[in-house]
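S.K.: Fold the following for me, if possible:
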Amino acid sequence: MGWAGMGLTFILYATGRCNLRCGYCGGSFDPAKVPWRVEYDLSLLDDLVRDGDVIAYYGGEPLLNMRFIEEVMGRFEGCRHVIQTNGLLLDRVSRNTLERLDAVLVSIDGDRRVTDRWRGRGVYDRVIGGVARLRKAGFSGDVVARMTITPDSDIHRDVKYLLGLGLFDHVHWQLSMIWVDRGLWGDLWGWIESSYKPGLDKLMELWISGLERGEILGMAPFQGVLKRVLSGGPTPPCGSGENSFTVLTDGRIILCPIAVEEGWAQMGLLGAISRRELEGRRNVINEPCRSCCLLGICGARCLYTHRERLWGDEGVKVICACSRHIINLIMRNLSRVEEAAEKSGLRLEDLAYPEYNNTVEIMP
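M.R.: Numbering: from 1, shown residues only. Down below sits the predicted model:
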């Protein structure tokens, strides 16, 4: 099934404040750019949101504003609800709210050493404890480990570790390159060739061996790329500016949840934009992506990095090299994946993920 005609995803900032200051992020937004309180009347959302849409709660740390989340959930009971959280405040989520949630994306980068190195001492234990409590409370929705890949990461080791905990249904990873100072990466191209690409190759073998046993290991980038190979999707794969739109705490609607102040991302204010305007919107993709034979799968990877190009030409080449490798890895092993799935009574469509736009970005 293609993506056209499906519902929209609305990313709602619950607050601009965060209770962490991760090494690759920086923590809270300047309240002059993203206020720490929601300043608009929730009734303004009524003109945009429909049953069947996805509502995702972002921040800052969204669980710092549980009242807002609960009010929106109560107002839009016919929607899917998703939270992307740093995992420190999961004990604040009531059983009633848990029952309404469809997915929880939790930031964690691997084992204790890797996670605490970038996110702060003791963070790993608190996150794992919070996810374990979710499971004990009976949460049966999708729990996603959302990794940030840094120079300390070993993609094969860290993904295998997180899946092996038995707490997460899926693992997704995003490369922190482009977002951090270039100097932090040192020999970046050496890391890509000696660690990242070989690590992806080993993960593919692990994924296929799981399929042969009838087990679908939840590697979100592999499954997401496969879905795009089978049925296409928006450009970029996260849907920003095509089927996903962000509402900031001051009521501004923007194309991309990261682009809180960039002029190209500003659409206008709640109350001044119709749903029809959102449903009909498509992104304009520039070179070198526009002419690329893989555009239909890669989707230019990320709207923000495509527009901003923070590392200039090298950044484009870095992202392209990593994206090409994971796409080619899927394409090259497509027949093996299909054979392994068939052996276990599965179809390729059974492996495709996500079922709906749950804000997993697809392309690392």
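S.K.: Now the element after the host helix or strand of residue 200, going C-ward?
M.R.: Applying DSSP states H and E as the criterion places residue 200 in helix 197-212. Downstream of helix 197-212, the first helix or strand assigned by DSSP H and E is helix 220-231.
S.K.: got the contact list for the next helix or strand along the chain from that next one?
M.R.: Counting by DSSP H and E, the next helix or strand C-terminal to helix 220-231 is strand 244-247. The contact list for strand 244-247 (C-beta atoms under 8 Å, 6 or more residues apart in numbering) reads 8-13, 40, 45, 58, 234, 238, 240, 253-257, 267, 270, 278, 357, 359. Any C-beta I mention is one placed from the backbone N, CA and C, and that applies to glycine too.
S.K.: CA atoms of strand 244-247 as PDB?
M.R.: Output of strand 244-247 as PDB, limited to C-alpha atoms (Å, rounded to 0.1, in the frame of the first residue of the first chain):
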ATOM      1  CA  SER A 244       4.000  15.400   9.000                       C
ATOM      2  CA  PHE A 245       3.800  18.900  10.500                       C
ATOM      3  CA  THR A 246       5.000  20.300  13.800                       C
ATOM      4  CA  VAL A 247       3.100  22.700  16.100                       C
END
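S.K.: Need the contact partners of whichever helix or strand comes after it.
M.R.: Sequence order places strand 252-254 as the next helix or strand after strand 244-247, per DSSP H and E. Residues outside strand 252-254 that contact it (C-beta under 8 Å, 6+ apart) are 245, 246, 247, 248, 260, 265, 266, 267, 268, 269, 270, 273.
S.K.: mind listing what strand 252-254 pairs with, with the direction of each?
M.R.: Using DSSP bridges, the strands paired with strand 252-254 are strand 244-247 (antiparallel), strand 266-269 (antiparallel).
S.K.: how about the strands in the stretch 1-150 of the chain?
M.R.: For the stretch 1-150 of the chain, the strands defined by DSSP state E, counting those that start in this stretch occupy 9-13, 54-58, 80-85, 103-107, 142-149.
S.K.: quick one on the thing from earlier: buried residues in the helix holding residue 200?
M.R.: Buried positions in helix 197-212, judged by neighbour count with 16 or more other C-beta atoms under 10 Å: 197, 199, 200, 203, 204, 206, 207, 208, 210, 211.
S.K.: That helix - contacts with which helices or strands?
M.R.: Where contact means 3 or more C-beta pairs under 8 Å, 6 or more residues apart in numbering; DSSP states H and E, helix 197-212 is packed against helix 155-164, helix 220-231, helix 312-332, helix 334-343.
S.K.: Most tightly packed of the ones you listed?
M.R.: Mean neighbour count (mean count of other C-beta atoms under 10 Å) peaks for helix 220-231 among the helices and strands packed on helix 197-212, with a mean of 22.
S.K.: Which strands or helices does it pack on?
M.R.: Packed next to helix 220-231, using 3+ C-beta pairs under 8 Å, 6+ apart, are strand 170-175, helix 197-212, helix 295-298, helix 312-332, helix 348-351.
S.K.: Now do the third one, average pLDDT.
M.R.: Helix 295-298 comes out with an average pLDDT of 97.
S.K.: same question, the fourth one
M.R.: For helix 312-332, mean pLDDT rounds to 95.
S.K.: Reformat the buried residues of helix 197-212 as CSV; add distance to residue 226 and pLDDT.
M.R.: Converted to CSV, the buried residues of helix 197-212 look like this (distance: C-beta to C-beta, whole Å; pLDDT from 0 to 100):
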residue, distance to residue 226, pLDDT
197, 19, 98
199, 19, 98
200, 14, 98
203, 14, 98
204, 11, 98
206, 15, 98
207, 10, 98
208, 12, 97
210, 14, 97
211, 11, 96
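S.K.: Out of the residues you listed, the closest to residue 159 would be?
M.R.: Nearest to residue 159 out of the buried residues of helix 197-212 is residue 203 (C-beta to C-beta; 5.9 Å).
S.K.: Might you report the residue contacts of residue 16?
M.R.: Taking C-beta under 8 Å, 6+ apart, one finds 28, 29, 30, 31, 33, 34, 35, 36, 59, 60, 249 in contact with residue 16.
S.K.: One more: residue 33?
M.R.: Going by C-beta under 8 Å, 6+ apart, residue 33 touches 16, 260, 261.
S.K.: I'd like the distance from it to residue 353, if you could.
M.R.: Applying C-beta to C-beta, to the nearest Å, the value for residue 33 to residue 353 is 33 Å.
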